[in-house]
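S.K.: no sequence for this one, just the structure:
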């Protein structure tokens, strides 16, 4: 199995499992399960894993890709801008409440903040921007490299970011699954545009102005 095929198939399986559970269980069930199974290791792991769905993840991946090709590196900030726009638009449209508001409404008195991570409030829960950003980024990286070990690492990191958002009480499972689905589409869309760009010959043979 080729490197990216491994990532693609793994992503499809994870998204389908997430969708199946989201559609058949109460939206808070997975969140409560994670809250009851917290540990010191998991606290620190998810606290830092979630950063791969933020600017830090894009900067790190962009720098690593830049060492092999500046043309490939350009796709990373372009993808980041697209993800930001898509996340803001979708969140503004759906206006779903954050878990913190839901938990307060039902009188939940279990564990809340993890290592001082801020409890997000408001109605911008659906879809998860971190999950979208991580899956978009790691779909792009896996597609650009096509190496098996990179695809396995990308799949693990993207999955970890998604779980971290529920673990940190920032999102429900349905938020991260939908974010992952949109992210995969955006990530592969940017990769496809990159391939078309390279095949056009414009990069190596730019049009000369007269």
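M.R.: Received the coordinates, thanks. This is a predicted model, so every value here is computed, not measured.
S.K.: Tell me the helices and strands packed up against the longest helix anywhere in the chain.
M.R.: Assignment by DSSP state H gives helix 173-199 as the longest helix of the chain. Here helix 173-199 touches helix 3-24, helix 29-36, helix 70-94, helix 129-145, helix 148-167, going by 3 or more Cβ pairs under 8 Å, 6 or more residues apart in numbering; DSSP states H and E. The way it works is simple: take the backbone N, C-alpha and C, and place the C-beta from them, glycine included.
S.K.: Quick one: closest of those helices to residue 197.
M.R.: Closest approach to residue 197 among these is made by helix 70-94 (8.1 Å; Cβ to Cβ).
S.K.: now the angle between helix 129-145 and the closest one, please.
M.R.: For helix 70-94 against helix 129-145, the angle by axes from the mean of the first three to the mean of the last three Cα atoms, to 10 degrees is 150 degrees.
S.K.: Just the buried residues of helix 70-94, please?
M.R.: Neighbour-count burial for helix 70-94 flags 72-76, 79-80, 82-83, 86-87, 90-91 (criterion: 16 or more other Cβ atoms under 10 Å).
S.K.: Out of these, the closest to residue 54 would be?
M.R.: Looking at these and their distance to residue 54, the nearest is residue 80, at 10.1 Å (Cβ to Cβ).
S.K.: what number of residues lie near the closest residue to that closest one other than its chain neighbours?
M.R.: Excluding its sequence neighbours, the residue lying closest to residue 80 (Cβ to Cβ, 6 or more residues apart in numbering) is residue 58, at 4.9 Å. Per other Cβ atoms under 10 Å, the neighbour tally for residue 58 reads 20.
S.K.: Next, the contact list for residue 58, please.
M.R.: Neighbouring residues of residue 58 by Cβ atoms under 8 Å, 6 or more residues apart in numbering: 76, 77, 79, 80, 133, 137.
S.K.: what separates the second one from residue 164, distance-wise?
M.R.: Think residue 77. Distance, residue 77 to residue 164, by Cβ to Cβ, to the nearest Å: 23 Å.
S.K.: and if you look at the fourth one?
M.R.: Here the distance between residue 80 and residue 164 works out to 19 Å (Cβ to Cβ).
S.K.: The fifth one too?
M.R.: Applying Cβ to Cβ, the value for residue 133 to residue 164 is 12 Å.
S.K.: Identify the contacts common to those two.
M.R.: residue 53.
S.K.: circling back: determine which two of the contacts of residue 58 are furthest apart.
M.R.: Maximum distance among these (Cβ to Cβ): 12.4 Å, for 77 and 133.
S.K.: What distance do you get for residue 11 to residue 113?
M.R.: For residue 11 relative to residue 113 (Cβ to Cβ), the value is 30 Å.
S.K.: hang on, I meant residue 24
M.R.: From residue 24 to residue 113 the distance is 29 Å (Cβ to Cβ).
S.K.: and the contacts of residue 58 as TSV, adding pLDDT and distance to residue 104?
M.R.: Converted to TSV, those look like this (pLDDT from 0 to 100; distance: Cβ to Cβ, whole Å):
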residue	pLDDT	distance to residue 104
76	96	38
77	96	38
79	97	35
80	96	33
133	97	27
137	98	32
